[in-house]
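# Could you work out the structure for the sequence below:
(chains A and B)
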Amino acid sequence: QQQVKQSPQSLIVQKGGIPIINCAYENTAFDYFPWYQQFPGKGPALLIAIRPDVSEKKEGRFTISFNKSAKQFSLHIMDSQPGDSATYFCAASIDSWGKLQFGAGTQVVVTP
Amino acid sequence: GAVVSQHPSRVICKSGTSVKIECRSLDFQATTMFWYRQFPKQSLMLMATSNEGSKATYEQGVEKDKFLINHASLTLSTLTVTSAHPEDSSFYICSASNRATGGNTIYFGEGSWLTVV
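Predicted coordinates:
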């Protein structure tokens, strides 16, 4: 069964908009939560990651918000650009070098 | 930065034959590598954890005799799909951690497309 639940399945935003992708987990042993970006035919690339002791982390236009009590975390893409159109996966693992459990993925389309 | 390389990037094989996919960590030692499988428009599903010098640990439902994993060195893991069938056609992706060299990040390869005809 999917240990990390991700939504929505897809979303479309206009350039400059802020796509928001949400993930939820059950296993409280998870302590590393990365987000990956994947373009068609390519392997996933790490975007940003967070640990449960932090509620928010920003790297460039990407922000993770983390709610430990709710066991939820989300990705915000600020000032989105057409080049951000890709599939985004959240993931979780018990440590930052261990096996990852991936969410189902969200296909994001940013229109010009 | 660290790079994980997969080869081949695309392979077509006949049904019933075996095909080997290589995963190399190019500038760090990887005591642990992971193999994932991804069908079109789906998520990555972990197949097995490959540990250097020991047997791989397979996820539930993955046939270890069909998907042979070897991790003979700190920079190379191989996945061999034996007696391949069309339903094995998929995108296979490896990842490696640089834990052995003091890092704390997982790096993914570019993936290998397998088509069984």
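
# secondary structure class for the closest residue to residue B:40 other than its chain neighbours?
Nearest non-adjacent residue to residue B:40, counting by Cβ to Cβ, 6 or more residues apart in numbering or on different chains: residue B:91, 7.7 Å away. From N, CA and C alone the C-beta is placed, and that goes for glycine too. Following DSSP: H, G, I helix; E, B strand; the rest coil, the label given to residue B:91 is strand.

# doesn't residue B:109 make contact with residue B:91?
No. The criterion here is Cβ atoms under 8 Å, and residue B:91 misses it with residue B:109 at 10.8 Å.

# Next, the distance between the ends of stretch B:87-105.
This stretch, stretch B:87-105, spans 32 Å end to end (Cα to Cα, to the nearest Å).

# Quick check: closest non-adjacent residue to the single nearest residue of chain A relative to chain B.
Chain B sits closest to residue A:97 of chain A, with a gap of 3.5 Å, by Cβ to the nearest Cβ. Excluding the flanking residues, the one nearest residue A:97 by Cβ to Cβ, 6+ apart is residue B:97, at 3.5 Å.

# What separation do you get for residue B:88 and residue A:79?
Residue B:88 is 42 Å from residue A:79, where distance means Cβ to Cβ, to the nearest Å.

# one step back: quick one: neighbours of the residue nearest to residue B:40, just the number.
19 (other Cβ atoms under 10 Å in any protein chain shown).

# Also residue A:42?
Other residues near residue A:42 come to 16 when the count uses other Cβ under 10 Å.

# And for residue A:91?
With other Cβ under 10 Å as criterion, residue A:91 counts 26.

# ok but it is inside a strand, no?
Yes. Per three-state DSSP, residue A:91 lies within a strand segment.

# With neighbour numbers in mind, choose between residue B:88 and residue A:79.
Neighbour totals were compared for residue B:88 and residue A:79, and residue B:88 leads with 19 against 11 (other Cβ under 10 Å).

# Would you enumerate the residues in contact with that one?
Residue B:88 makes contact with B:66, B:81, B:114, B:116, according to Cβ atoms under 8 Å, 6 or more residues apart in numbering or on different chains.

# again, only this time at 10 Å
Contacts for residue B:88 (Cβ atoms under 10 Å, 6 or more residues apart in numbering or on different chains) come out as B:13, B:15, B:19, B:37, B:66-67, B:81-82, B:114-116.

# any idea how far chain A is from residue B:51?
11 Å (Cβ to the nearest Cβ, to the nearest Å).
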